[in-house]
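Q: Please work out how this folds:
(chains A, B, C and D, ligands or ions: 2)
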Amino acid sequence: MRHVYLDHLSATPLLPEAFEAMKPYFLEAYGNPSSLHQHGLRVREALTQARVQIAELVRAESPDEIFFTSGGTESVNLAVKGVAYANKRRGNHIVWSEVEHPAVMNSVEFLEKEGFTHSKVPVDSVGRVQVERLREAITDQTTLICVQLANHDIGTLQPVAEVGAIAAERGIPLFVDANSAAGWVPIDVQHLGASLLSLSPHRFYGPKGVGVLYRNRRARLVSILHGGVQEGGRRAGTENVPAIVGAGVAAQAAARDLESRVTHVRGLQERLWSGLKAAIPFLKLNGPEPGPQRICNNLNLSTEFIEGEGQLLLLDMHGIAVASGSSCVSKSLKISHVLAAIGLDHALAQGNLIMTLGRDNTAEEMDYVVDEFSRIVEKLRGMSPMWDEFQRGIIDSVVAPTGRGRSFSEYAAEVSGKAAH
Amino acid sequence: MRHVYLDHLSATPLLPEAFEAMKPYFLEAYGNPSSLHQHGLRVREALTQARVQIAELVRAESPDEIFFTSGGTESVNLAVKGVAYANKRRGNHIVWSEVEHPAVMNSVEFLEKEGFTHSKVPVDSVGRVQVERLREAITDQTTLICVQLANHDIGTLQPVAEVGAIAAERGIPLFVDANSAAGWVPIDVQHLGASLLSLSPHRFYGPKGVGVLYRNRRARLVSILHGGVQEGGRRAGTENVPAIVGAGVAAQAAARDLESRVTHVRGLQERLWSGLKAAIPFLKLNGPEPGPQRICNNLNLSTEFIEGEGQLLLLDMHGIAVASGSSCVSKSLKISHVLAAIGLDHALAQGNLIMTLGRDNTAEEMDYVVDEFSRIVEKLRGMSPMWDEFQRGIIDSVVAPTGRGRSFSEYAAEVSGKAAH
Amino acid sequence: MSDTYTLYNKTVMDHFMNPRNMGDLPNADGIGEVGAAACGDIMKMSLKVENGRITDARFKTFGCGSAIASSSMATELIKGRTIEEALHFSNQEVVDALGGLPPVKIHCSVLAEEALKAALEDYVKRNPESASQVPPSAASANGR
Amino acid sequence: MSDTYTLYNKTVMDHFMNPRNMGDLPNADGIGEVGAAACGDIMKMSLKVENGRITDARFKTFGCGSAIASSSMATELIKGRTIEEALHFSNQEVVDALGGLPPVKIHCSVLAEEALKAALEDYVKRNPESASQVPPSAASANGR
Ligand SMILES: Cc1ncc(COP(=O)(O)O)c(C=O)c1O
Ligand SMILES: Cc1ncc(COP(=O)(O)O)c(C=O)c1O
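A: Numbers count the residues shown, from 1 in each chain, chains lettered A, B, ... in the order given. Ligands and ions are numbered 1, 2, ... in the order given. Purely as a prediction, here's the structure:
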């Protein structure tokens, strides 16, 4: 059986050259960078180098603007809470978009309990932040604006530079969550107008266990993990040296190979989407069409009349690894809030599937996926009472409505006696 | 030149068997445990196994009581803040000892700014928490008691089980910071009466980038890093899979080898201390004498009349890696608050040196250290105006007072025109 | 990777991959359809009843792997039972026969129970004479 | 590990490991002792002065590596200077001659400057006739 990994947003394999660079820091150069002896000083140099490598990837002015954390989530928490707490005396209002990752969303909701206020900016039907609405949401209490670079679910590239210009005009720090974008989109913090920007190295062939926060020197930031004075006093705790070294190497490779990776992956994205579209009726692409508004490595699909987990499991049994934003797949038993934010019909949200591509995928793999997935959809539709009702004209398609009957969502609400969302 | 690593509290080399176990999780089994396909499910099993291995090391009732974080500091922050926030409606008072690690201290101080209150319990001259004072500090608003298992600086073993009994009696959760103890002291969370207990695998030959928090099911705990629902919703963020796997293996080895490691290291501790004591006059051991009140792998020394950084650097130039709690060594330019808490004379705090032993140290190494260190002390004393003044009877020794003159601290205060502490 | 890792145990995976009794029964004697809007599962069950005994059962399911497996297993278990026995059918039987389900997926087995009971109710409605066999509480408790 | 990693640069390490002019001067013409209680450094400097020119200098230091290196370097730099030149001595000379110090260690060089000036002050006190050479502001600014 072929193995096709299409879940690069969840995890990427570590780059062999990154692993090679990490190896000595496990058994041999095991020192703590806070130590003043050989063992400590040696690994300090390694951290310095990694900081330079990361700074180059995002075009930071200085490596001192790079902070290492334990991962994308911690970087987001540090940015959101660290800026909010640091500016508590100036104001208590946060502006953020409704498609932000749960790391942002739940950090903001935590702060709300602590007395902060916030405004959630809506997105359009492809998930793009409505910039004018964002501008209107800013108050004189606003101390932070949060907009992601690319959406983690539907791949929408956000108009961050536009937001950055507004932020600069109002003198408010802008935090850009680039956890799902870095490595796949060229990043220039200056150009974006980002005061803070988070990266997740394990999304671009770096190791797990390390995250990055870029912070412009002018942006005030307090620490959220308290303890020692590592990372310039902004992140306590013994540094995860091997992972930081790996992150640096992965960043260097990402900067070097960005163009070729993007070109390759964008080609696959187009091939896969046009293949699927042709082979499978009643399939919807969520988010923008492949092109300048969409990240190069993501396809977010909704297969009508069938549910996402079944599709995912059968694909897995055929060697194809994907993700899904359906409620059955999520631990919270709710559909992805991003799908809700773009107003996706419940039926389509339940049939959700996320395919994220990487540098090792091939054109043949895309064709294989189209083939296998067509068969799987057919099989699951054969089991679906909805498909049957659709064939018999009782319910109607949402993707390509015929006007013959109720939508699945209406139908489901009737069956269960509860509204579908 | 010989290399003698005596800084095991700062970092330990990774156990080769732990590294072997980790390896596949970098390049091959790189999946995200949240993923529902092969790549995700495979690593889920690895996490489950690691949880069992850790649970066994601390005798947790169930692996579900084990949470993985990014390190000792995060575990401490999660315990302190996570319990404080979770019980906000019941009370807002925290009881902690004045020798807790900065991770506890600074977490408590952060909470103070957020409206919590706290009582700092004093220690005796060897750093032992005064249990009666702790009992008195508890109020009906107290929702958390924090006491470490072993002190990170001076190796004092705390009367945790006694505190645990008080906590149980009052129905207050006890958090035990075992970051510097785990792997070197047998731990039984039941026996200690710990509701929460933090571990730092890289202190017992596990990898960096992973920490552990044990939490008894009955203790309420909310998350402090917000985002996804990893770790039962108590710690958001993609899991650091390889490090967690390594932590599990290291825990298993620690449980298996605990007795032999302790026996070996305790022997070295005694040999080293008696060697140093015999060879070097005016040398003070801080904390309890080696024995049941002191952790087996720590010697905390104060060399009178000379400063700590110089000792550390010269030892390093002779291949011997140690730490120091002197102010010149700390990034904050303050002496360790633990040394201040035990009322150590300023002169002795400045001459501080911390030697922490590990399983690979040998008796010959101890003898080498005694030799080299004696020469280094002699060299530095030769440069010290204090030593000269002492020889001439102008100032007096604190370690072995002769009653001939003022102490160095008085003298230093006079020279600088400022109080020494 | 040499082994195959699965989200569900072997039995569940087998019933998901190779569902038993999938489809509709032509001329069914009772049809029930239920759903849980929150998780987006819909299950439809059709029964054939002869002499007060379920002789055949079919399902169609829109839902996750464990929903499909639960319906498959429920139809297997129910065949051959009397109406009264069937009215005492509990989701736990499905869970046990499947060798367990993850905690968040137990509701799938509940849905299978509900679909079966809705189909039985439909049967009773169509065959009022059979109602005498049915304790009144059982029939109404599961009606919707 | 093949290379040697050092906290300070080569020059600083050299002056720390092999300090120049360490010791006391018998019959010193000026002795100064200063300290920074916060960091626990104490520096003592002894000077030999002939015809208004520093002909020899010695130090003793209780302090960290950079404090020792700073005093060693300061004594090297000061030898041969006139009293007036010496009174214009600044810690930056020590920092530069050492090829730089970490930011948190700059105070060590300041201490070296202060020790020197305290020794000069002592010399001036002992030799009031030399005071004419000394601009009054310079002497008092550094006195304690
Ligand atoms: C946009 C975005 N933010 C934050 C995160 C959280 O990252 P992690 O799980 O690596 O901590 C993710 C992960 O998918 C993401 O895509
Ligand atoms: C008692 C104690 N608590 C907390 C910590 C913090 O651990 P880490 O630096 O691994 O995050 C340490 C580290 O030395 C410690 O000894």
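Q: quick check, stretch A:210-229 touching chain D?
A: No - using Cβ under 8 Å from any Cβ of the partner chain, stretch A:210-229 never reaches chain D; the gap is at least 11.0 Å. All C-beta spots, glycine's among them, are computed from the backbone N, C-alpha and C.
Q: Endpoints of that stretch, how far apart?
A: 18 Å (Cα to Cα, to the nearest Å).
Q: Please enumerate the helices of chain C.
A: For chain C, applying DSSP state H gives helices covering C:10-17, C:65-78, C:83-87, C:91-97, C:106-126, C:136-141.
Q: Most tightly packed of the ones you listed?
A: Neighbour counts (mean count of other Cβ atoms under 10 Å in any protein chain shown) averaged over each of the helices of chain C peak at helix C:65-78, with a mean of 28.
Q: Now do the phi/psi pair for residue 7.
A: No chain in the question, so chain A it is. Backbone geometry at A:D7, expressed as degrees, to the nearest 10, gives phi -130, psi 50.
Q: Would you agree it is in contact with A:L353?
A: No - with contact defined as Cβ atoms under 8 Å, A:D7 and A:L353 do not form a contacting pair (10.7 Å).
Q: Overlap of the contact sets of those two?
A: Shared contacts of A:D7 and A:L353, defined by Cβ atoms under 8 Å, 6 or more residues apart in numbering or on different chains, comprise A:322-323.
Q: before we move on, back to that, including distance to D:F59 and mean pLDDT, could the helices of chain C go into TSV?
A: Formatted as TSV, the helices of chain C follow (distance: least, Cβ to Cβ, whole Å; pLDDT from 0 to 100):
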stretch	distance to D:F59	mean pLDDT
helix C:10-17	79	97
helix C:65-78	78	97
helix C:83-87	99	95
helix C:91-97	82	97
helix C:106-126	78	96
helix C:136-141	95	47
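Q: export those to a markdown table and tack on distance to chain D?
A: Formatted as a markdown table, the helices of chain C follow (distance: least, Cβ to the nearest Cβ, whole Å):
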| stretch | distance to chain D |
| --- | --- |
| helix C:10-17 | 52 |
| helix C:65-78 | 53 |
| helix C:83-87 | 75 |
| helix C:91-97 | 59 |
| helix C:106-126 | 57 |
| helix C:136-141 | 75 |
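Q: Quick one: closest of these to B:R406.
A: Taking Cβ to Cβ, helix C:106-126 is the member of the helices of chain C nearest to B:R406, at 76.5 Å.
Q: re the thing from before, ok, which of the helices of chain C comes nearest A:L357?
A: Closest of the helices of chain C to A:L357 is helix C:65-78, at 24.8 Å (criterion: Cβ to Cβ).
Q: any bit of that closest one sitting next to chain B?
A: No - with Cβ under 8 Å from any Cβ as the criterion, chain B is not reached by helix C:65-78; the gap is at least 9.1 Å.
Q: quick one: pLDDT of whichever residue of the stretch 1-150 of chain A sits closest to ligand 1?
A: Going by Cβ to the nearest ligand atom, ligand 1 is nearest to A:G72 of the stretch 1-150 of chain A, at 2.7 Å. Looking at A:G72, its pLDDT stands at 98.
Q: what does the one 4 residues further on give?
A: Per-residue pLDDT puts A:V76 at 98.
Q: Tell me who's in contact with residue 76.
A: Chain wasn't specified; assuming chain A. A:101, A:103-104, A:107, A:177, A:179, A:198, B:227.
Q: Not quite, go with chain C.
A: So C:E76 contacts C:20-21, C:97 (Cβ under 8 Å, 6+ apart).
Q: Look up how far chain A lies from C:L101.
A: Taking Cβ to the nearest Cβ, to the nearest Å as the measure, C:L101 falls 12 Å from chain A.
Q: I figured that residue hits C:S109, correct?
A: Yes - using Cβ under 8 Å, C:L101 makes contact with C:S109 at a distance of 6.2 Å.
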